[in-house]
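**Student:** what follows is a predicted protein model with its sequence.
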Amino acid sequence: WARGFDEIQVETNGTLPPPDEARGERLNIVCSPKTAKVNSLLKPWVNSLKYIIEAGQVDEEDGLPTSVLGSPIRPARPWDGFAGKIYVQPMDENDPVRNKANIDAAVRSCLKHGYRLSLQTHKIIGVP
C-alpha cells in the first residue's frame with residue numbers, strides 16, 4: 001500500500017475531496033480550513049482539524065480563529081458528527097512579542113476548550 005507505508009497523512013485546506021485511490025482506512029487527513037466550508041466529500045475522511053491562532057482573532061465562544069490569512073473569512077468549524085481531534089497552533093509572525101501573544105492565546109484556547117496544542121518544533125529549536 002502506498003509504496004510500503006502503513007499510513008499516509010495528508011494536510012489539506014479542505015477545498016477538494018480526496019482522490020478515489022487515496023481513500024481508505026489507512027489515510028489520515030488533517031484539515032486546516034482556510035475557507036468558510038469544508039468540501040462535503042472530504043468530511044468523512046477528516047481525522048483532525050487544525051487551526052492557526054492569532055492573538056486578538058479568537059472567538060471566545062469556541063476558541064477558534066475569527067479570520068484566516070489576514071482576511072475576514074471565518075474558517076469552517078467542526079461539523080455535526082465530527083469526532084476527531086482539534087489542534088490549535090500559534091501563528092508564527094517572526095516577531096518575539098507577537099509570537100508570545102499568539103502562543104498565550106493558543107494555550108488559553110486549549111485549556112478552555114480541551115483542544116490539543118500543536119507547535120512548530122523546528123522553529124522553536126531554530127531549524128529553518
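**Tutor:** Done, it's in.

**Student:** who's in contact with the residue positioned nearest the centre of the chain?
**Tutor:** In the chain, the residue lying closest to the centroid (Cα atoms, centre = their mean) is residue 50, at 1.2 Å. For residue 50, the residues meeting the contact criterion (Cβ atoms under 8 Å, 6 or more residues apart in numbering) are 11, 30-32, 86-89, 118. In short, each C-beta sits where N, CA and C put it, glycine included.

**Student:** from those residues, which single one is nearest residue 75?
**Tutor:** Ranked by distance to residue 75 (Cβ to Cβ), the contacts of residue 50 are led by residue 32 at 8.2 Å.

**Student:** my guess is that closest one contacts residue 12. True?
**Tutor:** Yes: assessed by Cβ atoms under 8 Å, residue 32 is found in contact with residue 12 at 7.4 Å.

**Student:** give the partner strands of the longest strand seen in the chain in its sheet and their orientations.
**Tutor:** With secondary structure taken from DSSP state E, the chain has its longest strand at strand 46-53. Using DSSP bridges, strand 46-53 pairs in its sheet with strand 27-31 (parallel), strand 85-90 (parallel).

**Student:** next, the buried residues of the last one.
**Tutor:** Along strand 85-90, these residues count as buried under the neighbour rule (16 or more other Cβ atoms under 10 Å): 86-90.

**Student:** looking at this protein, which helix is longest?
**Tutor:** Within the chain, and with DSSP state H defining each element, the longest helix by residue count is helix 96-113.

**Student:** tell me what that one is packed against?
**Tutor:** In terms of contacts (3 or more Cβ pairs under 8 Å, 6 or more residues apart in numbering; DSSP states H and E), helix 96-113 is packed against strand 46-53, strand 85-90, strand 116-117.

**Student:** distance from it to the middle of the chain?
**Tutor:** 15 Å (Cα atoms, centre = their mean, to the nearest Å).

**Student:** tell me the mean pLDDT over it?
**Tutor:** Averaging pLDDT along helix 96-113 gives 97.
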